[in-house]
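S.K.: Here's a sequence, model it:
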Amino acid sequence: MTCAARRVVFVRAGFFWFLRRAQVCAAPRAGLGD
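M.R.: You can find the predicted model right below:
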């Protein structure tokens, strides 16, 4: 694996992790808001 490929995989994994965290944090907040 080249350094560039490793960086792409790391960024992609971090992005999906961020989206999952955002959904988990936003779902209860939206329910409590309404």
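
S.K.: packing partners for the helix or strand Ala4 falls within?
M.R.: Element membership for Ala4 (DSSP states H and E) is helix 3-33. Here helix 3-33 touches no other helix or strand, going by 3 or more C-beta pairs under 8 Å, 6 or more residues apart in numbering; DSSP states H and E. Using the backbone N, CA and C atoms, a C-beta is placed for each residue, glycine as well.

S.K.: For stretch 12-20, what is the distance to the chain centroid?
M.R.: Relative to the chain's own centre, stretch 12-20 is displaced by 2 Å; criterion: C-alpha atoms, centre = their mean, to the nearest Å.

S.K.: For it, could you pull out the residues that count as buried?
M.R.: When neighbours are counted by 16 or more other C-beta atoms under 10 Å, no buried residue of stretch 12-20 is found.

S.K.: ok so, going back, average pLDDT across the helix holding Ala4?
M.R.: For helix 3-33, the mean pLDDT works out to 83.

S.K.: I'd like the distance from that helix to the chain centre, please.
M.R.: On the basis of C-alpha atoms, centre = their mean, helix 3-33 is displaced by 1 Å from the centre of the chain it belongs to.

S.K.: Could you list the buried residues of it?
M.R.: By 16+ other C-beta under 10 Å, helix 3-33 has no buried positions at all.
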